[in-house]
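>>> turn this into a model:
(one chain, ligands or ions: 1)
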Amino acid sequence: MSTPLLSVRDLQKSFPAADGPVPVLQGVTFDLAAGQTLALTGESGSGKSTLLHIVGGLDTADGGAVRLGETEVTALDDRGRAALRRSRVSVVFQQFNLIPSLDVGANLAFQARLAGRHDPAWCDTLARRLGLAGHLSKYPEQLSGGQQQRVAIGRTLAVRPELVLADEPTGNLDEETGSRVVDLMLELVAETGAALLCVTHSTALASRMERRLVLSRGRVA
Ligand SMILES: Nc1ncnc2c1ncn2[C@@H]1O[C@H](COP(=O)(O)OP(=O)(O)OP(=O)(O)O)[C@@H](O)[C@H]1O
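Predicted coordinates for the structure are as follows:
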């Protein structure tokens, strides 16, 4: 079998609480192949977002290992994790997290510019495919939720990351808007060849992914 793009092994994480550390991830192990899509589901508090944050280099683990290709993510220092987030792993958040002072065009290009990978032709393609070409000089507050999430997806894919992480990407959208946003996200993720790890409570969204992983009390169920 070929080496997976993402390998998570025996991942452990606790958070401090008044009466001692509370274990949140208690030995999570799974692989994700390049270009594969995986839904991460499980009850509230089961550790889904915590896992996503560690995989994406937004938080650190207490034990175990995360590898992305040849890189041991869990061995990186702050700088290494920042570099990983700029160019190789990119996150779509439920709250969109656009930069309010930048227009749509600048938001789309923002992460790619930071990564030194800005490709104007690819940004134009993304804007057109995401139905944003007529909105490039608008600001996030002038957009609907669905439009804002499409900008966030475009910003994520503008860097051509190896791995896209999505945390409840349709959580703030109505069902129909969410379904259209997911269609676009899956289409464009597939075209770039990125793998997708998507945290969701939505069975409709989870059913659109090739694989499903259920977390229960910090373990893969
Ligand atoms: N920074 C933190 N400090 C302390 N506890 C935390 C922190 N982040 C998460 N937790 C706790 O860790 C547990 C898992 O949280 P996490 O957000 O990963 O769960 P989740 O499965 O994504 O939940 P949900 O589906 O409700 O978003 C919860 O009990 C939460 O309160």
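>>> and the residue positioned nearest the centre of the chain, bridged to which residues?
Centrality entry for the chain: nearest residue to the mean C-alpha point is L165, 1.6 Å, by Cα atoms, centre = their mean. Taking DSSP bridges, one obtains V91, L197 as the residues bridged to L165.
>>> roughly how far apart are it and the ligand?
Going from L165 to the ligand by Cβ to the nearest ligand atom, to the nearest Å gives 12 Å. Bear in mind the C-beta positions are built from the backbone N, C-alpha and C, glycine included.
>>> now A190
Taking Cβ to the nearest ligand atom, one finds A190 at 25 Å from the ligand.
>>> what's the helix or strand hosting that residue packed up against?
Per DSSP states H and E: A190 is located in helix 175-192. With contacts taken as 3 or more Cβ pairs under 8 Å, 6 or more residues apart in numbering; DSSP states H and E, helix 175-192 sits against helix 120-129, helix 145-158, strand 163-167, strand 195-199, helix 203-206.
>>> of all those, which lies closest to K13?
Closest to K13 of the helices and strands packed on helix 175-192 is strand 195-199 (Cβ to Cβ; 15.1 Å).
>>> how far does the closest one sit from the chain's center?
Relative to its parent chain, strand 195-199 has a centroid offset of 6 Å by Cα atoms, centre = their mean, to the nearest Å.
>>> packing partners for it?
Counting contacts by 3+ Cβ pairs under 8 Å, 6+ apart, strand 195-199 is packed against strand 37-42, helix 48-55, strand 163-167, helix 175-192.
>>> ok, 6 Å please
Under the contact definition 3 or more Cβ pairs under 6 Å, 6 or more residues apart in numbering; DSSP states H and E, strand 195-199 sits against strand 37-42, strand 163-167.
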